[in-house]
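1. Next come a sequence and a model predicted from it.
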Amino acid sequence: MRRFLSRKLITYLIAFVIGVTVDWGIPRLIPGDPVQAYLSQFSLQPAGYDALYKTMSEAFGTNGSAWDQYMHYWQSILTWNMGVSIGNFPARVTTLVGQALPYTLALLIPAIVLSYILGNRLGAAAARRKGLDNSVLPLGYVFQAMPYPWLALIIPYLLAVVWHVFPLSGGYSNSLLPTWSWTFIGSLLTHWFLPFLTVFLVSLGGWAIGMRNLVIYELENDSSRYLRALGARERVIRRYAYRNASLPQLSGLALQLGVVVGGNIVTEIAFQYPGLGKLLYTAIGNKDYFLLQGIFIFIIIGVLIANFIIDLVFISIDPRTRLSMQGAPA
Amino acid sequence: MSLTVENLSVAYRSRRGDITAVDNVSFRLADGEIMGLAGESGSGKSTIGNALIYMDPRMKLAGGKALLDGKELPLADNDAMRKLRMTEVSLVPQYAMSALPPTRRIGKIITDLLRSHGIKDRDEVLSELLRRLELIGLKDEILRRYAFELSGGMRQRVTIIMSSLLNPSLLIADEVTSALDVSTQRAVGEMLIEFRDRGYIKSAIAITHDLSILAQIADSITIMYAGRLAEKASTAAITEAPLHPYTQALIASLPEVGVRHEDTTLTGIPGRPPSLVNPPSGCRFRERCPFAFDKCTETPPFAEIRPGHQVACWKVSQEHGGGTRVTVPAGAIADGASTEGTGE
């Protein structure tokens, strides 16, 4: 186990270094000078331009050699100082990300986890009940095949515009200031519900369909047949089948959770929800390199952490990974 | 009698109608008997084995019944059969390499099975399990292992131990040796005999296409052809003096120790078995049989030619039952092995 963990940690460390390097390199491959681009917004006197250019280059750290800049970038990451946003000057990148992250996590993690749990149950139940199979499955296909932006228009149209059950957009009511009061928390929840519902519905069908097919396959495979031939109760056989079928589903969950920190851009734009996706979108629009870099660092860290957690879960439910992770032939 | 099978017919449902894979089969199994059930692929040998323990949804009991220790097995009633599986009838499946669930430890699988059968005193069964593991040279730490951590031979032995743990009256061993190398084959075969001798199982049906392993472990051998029984007799009678032309040809097509096949060509049986979708009337071996004559268009009865020796062949029953003798043209059988005059 210790050997496995240390191997994993080294892998993740390497992935992190590569991720950070790419994150540092890509903006620098974009033609043009970010400081120049930034200053060109203002009409400046040549003398003032030169002075400002020098100051800004120093402030943003774009004046040294590539190696210096790279080292400087690492230093800023390790000291958790991602610099200042250009678009929301002078707000700090870490502050902006820190404000957006809770919204994204609170929106996507419950949506993904709940749809995973419920979808798998539904799929497993559909695998053995014809009636359920004939109703859940077509519905699942419909939700899955439906273009998400369309769903993100229809649901708020019905529930917010026509019936006024939930607010249409935003993270909380504009008439409130963020405080820890019940009114504010209530406002957070009502604003949270619609984007949550759309993400939940869309992924639910996918999980259910996947699980149904996997369970049907597992219920017919050799080990289920053997259990049946030895007179195991159908409930026991289903439990074994569910456990086996959960493995591929879990990898799917890992992938989804991994990119959670990137936010869900379409949802957050559609509902004007103040999460990371929306922040990322505005950062791209503003050519806000530092904010972009900062968000990407978060995504890198988030993907790695999520994968690590799923790795640990995998070891506990699939004994085969335990061996292969130690490098033994599986 | 441990097992009595009477006129058993089993069909597979298919889109073109039912296919009768086992057609009107009757045989008996004495207490302590290990019966080998041999035949080529598609002859229905595994279908008999499965029908006696678990009819999957594709299978249909088309007729007949089976009595185990005098009580009728509710073959078509899945719920009633469930309680008898593992306790009265048990199966070592053809697919033993993949039969053990991959995500649970062996010990956990066994405990779950015992719980399914509502066995109160699990500790006693588990200590018996440890004794049996020791008997065949497996360490008890195997219970804490997963199936994929075991070798093929170990998996095969673990499934035999699991399947026979509750001392069933009948153990159906379907191709238990087919996936193993010869030395492991022998060990697994001897394990069956040992388990029978110790009373862990009362009787067994060993289904295989490998006659040489049956010669080592079986008390009697039953030969199947195209869904019907061709011949049943003691192992010695089948291997040394088979009566049914199909059995004779089958034995003749086996390589023999000491025979140099540079000198004698090893032959097969010309032709192929009939399709079971629309089987021909009469004896199903007719088309390939060198002895076939007019009478063979009728279905031959599975008749007892001698005590303990049953054959379904008109020619044999006429020769042995005192009927008209059939003259067989010399050299009619292509393989040249000494099949003429056998059993006379």
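-> Nice, thanks for sending it over. Residues are numbered from 1 along each chain as shown, chains lettered A, B, ... in the order given.

2. Quick check: closest non-adjacent residue to the residue in the stretch 1-150 of chain B that chain A sits nearest to.
-> When you check the stretch 1-150 of chain B against chain A by Cβ to the nearest Cβ, the closest residue turns out to be residue B:85, at 3.3 Å. In short, each C-beta sits where N, CA and C put it, glycine included. Using Cβ to Cβ, 6 or more residues apart in numbering or on different chains and skipping residues adjacent in sequence, the residue nearest residue B:85 is residue A:231, 3.3 Å away.

3. Up against chain A, what does the stretch 201-344 of chain B have?
-> Within reach of chain A by Cβ under 8 Å from any Cβ of the partner chain, the stretch 201-344 of chain B has no residues at all.

4. tell me which residues in the helix or strand harbouring residue A:203 are buried?
-> Element membership for residue A:203 (DSSP states H and E) is helix A:182-220. Within helix A:182-220, the residues scored as buried using 16 or more other Cβ atoms under 10 Å in any protein chain shown are A:187-188, A:191-192, A:194-216, A:218-219.

5. Stretch B:8-18 now?
-> Quick answer for stretch B:8-18 (16+ other Cβ under 10 Å): B:8-12.

6. Over to stretch B:246-258?
-> Applying 16+ other Cβ under 10 Å to stretch B:246-258 flags B:246-252 as buried.

7. Closest one of the residues you listed to chain A?
-> Nearest to chain A, judged by Cβ to the nearest Cβ, of the buried residues of stretch B:246-258 is residue B:250 at 28.7 Å.

8. Make sure that closest one is indeed in a helix.
-> Yes. Assessed by DSSP: H, G, I helix; E, B strand; the rest coil, residue B:250 belongs to a helix.

9. And what about the residue of the stretch 101-250 of chain A found nearest chain B, helix, strand or coil?
-> For the stretch 101-250 of chain A and chain B, the shortest gap (Cβ to the nearest Cβ) falls at residue A:231, measuring 3.3 Å. Assigned with three-state DSSP, residue A:231 falls in the coil class.

10. other SSEs contacting the helix holding residue A:203?
-> Under the contact criterion of 3 or more Cβ pairs under 8 Å, 6 or more residues apart in numbering or on different chains; DSSP states H and E, helix A:182-220 touches helix A:93-126, helix A:130-145, helix A:148-156, helix A:234-258, helix A:265-270.

11. Check what pLDDT the residue of the stretch 1-150 of chain B closest to chain A gets.
-> On the pLDDT scale, residue B:85 is placed at 93.

12. Tell me, how many residues neighbour it?
-> 25 (other Cβ atoms under 10 Å in any protein chain shown).

13. ok, it - contacts?
-> A:229-231, B:53-54, B:91 (Cβ atoms under 8 Å, 6 or more residues apart in numbering or on different chains).

14. Can you report phi and psi for it?
-> Main-chain dihedrals, residue B:85, degrees, to the nearest 10: phi -70, psi 140.

15. distance of it from residue A:227?
-> From residue B:85 across to residue A:227, the span is 10 Å (Cβ to Cβ, to the nearest Å).

16. Also residue B:112?
-> 8 Å.

17. contact partners of the longest helix along chain B?
-> Counting residues, the longest helix found in chain B (DSSP state H) is helix B:182-197. Applying Cβ under 8 Å, 6+ apart, the contact partners of helix B:182-197 are B:32, B:34, B:135-136, B:152-153, B:156-157, B:160, B:164, B:171, B:173, B:176-177, B:180, B:201-204, B:206, B:213, B:216-217.

18. Inside strands: which ones of the residues you listed?
-> Using DSSP state E, the members of those that fall within strands are B:34, B:171, B:173, B:203-204, B:206.

19. Out of those residues, who's the most crowded?
-> Top of these by neighbour count (other Cβ under 10 Å): residue B:173, with 32 neighbours.

20. Tell me which residues touch it, please.
-> With Cβ under 8 Å, 6+ apart, residue B:173 has these contacts: B:91-92, B:160, B:192, B:204-207.

21. Which of those residues are buried, as a ChimeraX select command?
-> The following ChimeraX line selects those of the contacts of residue B:173 that are buried, judged by 16+ other Cβ under 10 Å:
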select /B:91,92,160,192,204,205,206,207
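
22. Make JSON lines out of the contacts of residue B:173 and add pLDDT.
-> Shown next, in JSON lines, are these (pLDDT from 0 to 100):
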{"residue": "B:91", "pLDDT": "93"}
{"residue": "B:92", "pLDDT": "92"}
{"residue": "B:160", "pLDDT": "92"}
{"residue": "B:192", "pLDDT": "91"}
{"residue": "B:204", "pLDDT": "94"}
{"residue": "B:205", "pLDDT": "95"}
{"residue": "B:206", "pLDDT": "94"}
{"residue": "B:207", "pLDDT": "93"}
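
23. out of the contacts of residue B:173, who's nearest chain A?
-> residue B:91 (4.5 Å).

24. For that closest one, list each beta-bridge partner.
-> residue B:172 (DSSP bridges).

25. could you measure residue B:13 against residue A:228, distance?
-> Taking Cβ to Cβ, one finds residue B:13 at 18 Å from residue A:228.

26. ditto for residue B:216
-> The value you get for residue B:216 to residue A:228, if Cβ to Cβ is used, is 31 Å.

27. Then residue B:117?
-> 13 Å.

28. of these two, who's got more company?
-> Just comparing residue B:117 and residue A:228: by other Cβ under 10 Å the higher neighbour count belongs to residue A:228, 21 against 18.

29. Return the residues in contact with the more buried one.
-> A:237, B:54.

30. give me phi/psi at it?
-> phi -70, psi -40.

31. can you check residue B:21 too?
-> Residue torsions, per degrees, to the nearest 10, at residue B:21 are phi -90, psi -30.

32. now do residue B:61
-> phi -80, psi 110.

33. Quickly list what it is bridged to.
-> As assigned using DSSP bridges, the partners bridged with residue B:61 are residue B:10.
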